[in-house]
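Novice: Structure, please.
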Amino acid sequence: MEEPAATPGRNEVVLVGRVSGAPQERELPSGDVLVAWRVVVERSPSRRPVPVGVRASTVDTVDCVAWGTGVRRTARALVEGDVVEVEGALRRRFWRTGSGAASRTEVEVEQLRRLSRRKPSG
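Specialist: Below you'll find the predicted structure:
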């Protein structure tokens, strides 16, 4: 009997949104360097009814991280309010803290484009 073909996996994320806050560069205990920032993305209108008196969230804030040299360079130049497009994959990182194990789900960014610059105030 022939084995069924394996179903290929797919982990692709594309987001367009505004940068919320300044990107932060960090060196991990492993010596790896990353740049992390958050993107605020408008949520599509919900198909589910929202109970009376409950305000539906209209945005999602998504953690993004860049490991590659070119993407880190682009990310460091971002400022709060810039509109960006990120492409990458959803990842869950695990590490140990003083109080036990911790984890974070984030987009590991492979491509980053600034679509528009924040308008200066004043």
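Novice: What sits closest to the residue nearest to the spatial centre of the chain if chain neighbours are left out?
Specialist: When C-alpha atoms, centre = their mean is applied to the chain, the residue found nearest the centroid is Cys64 (2.8 Å). Spatially, and ignoring its direct neighbours in sequence, Cys64 is nearest to Val107 (4.8 Å; C-beta to C-beta, 6 or more residues apart in numbering). From N, CA and C alone the C-beta is placed, and that goes for glycine too.
Novice: Now do the buried residues in the strand or helix carrying that neighbour.
Specialist: Here Val107, judged by DSSP states H and E, is contained in strand 100-116. Neighbour-count burial for strand 100-116 flags 106-109, 112, 114 (criterion: 16 or more other C-beta atoms under 10 Å).
Novice: related to what we said a few turns ago, verify the contact between the residue nearest to Cys64 and Asp63 for me.
Specialist: Yes - counting by C-beta atoms under 8 Å, Asp63 is a contact partner of Val107 at 7.1 Å.
Novice: Good, wrapping up.
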